[in-house]
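Asker: I need the structure of the sequence given here:
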Amino acid sequence: QVLLVESGGGPVQAGGSLRLSCAASGRTLSYYNVAWFRQAPGKERAFVAEDSWTYGTQYYSDSVKGRFTISRDYVKNTVQLQMNSLKPEDTALYYCAAGPNGGKDSQSYSFWGQGTQVTVSS
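Answerer: Presented below is the predicted three-dimensional model:
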């Protein structure tokens, strides 16, 4: 079992930056694919970014490509999401996820955090 706890969310003005962090306990994330998803009010949970252990690369949704960066710290067993040039449409509850199978489908991930709220004002 992997316990994931997100932090770093909050209010920010458009054009600003936030850095989300996801701390894992219970197992090392070293051999898992890890990802960030987000869910805005009234919308389905959507893929944001993945750090793929399987393929050794990162994937991003088109809406955040060039603005967000996913990374992980293998020593601290954490995953980060650096978010720059934030837009009001980035407002959502952001979730950290981990699992042996990666990809853009949320059902591919076995473990989830409770989410951290990001609110971008114009």
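
Asker: Specify the local secondary structure of the residue nearest to the spatial centre of the chain.
Answerer: Centroid check for the chain by C-alpha atoms, centre = their mean gives residue 36 as the closest residue, at 2.2 Å. Following DSSP: H, G, I helix; E, B strand; the rest coil, residue 36 is assigned to strand.

Asker: Would you mind giving me the confidence score for it?
Answerer: We note a pLDDT of 98 for residue 36 in this prediction.

Asker: can you pull the contacts of it?
Answerer: 20, 22, 48-50, 70, 79, 81, 94-97 (C-beta atoms under 8 Å, 6 or more residues apart in numbering). All C-beta atoms are positioned from the backbone trio N, CA, C, and that covers glycine.

Asker: and if we set it to 6 Å?
Answerer: Taking C-beta atoms under 6 Å, 6 or more residues apart in numbering, we find residue 36 in contact with 48-49, 81.

Asker: Excluding chain neighbours, what is closest to it?
Answerer: residue 48 (4.3 Å; C-beta to C-beta, 6 or more residues apart in numbering).

Asker: which residues touch that neighbour?
Answerer: 36-38, 61, 64.

Asker: any idea which of those residues is the one closest to residue 15?
Answerer: Ranked by distance to residue 15 (C-beta to C-beta), the contacts of residue 48 are led by residue 64 at 14.8 Å.
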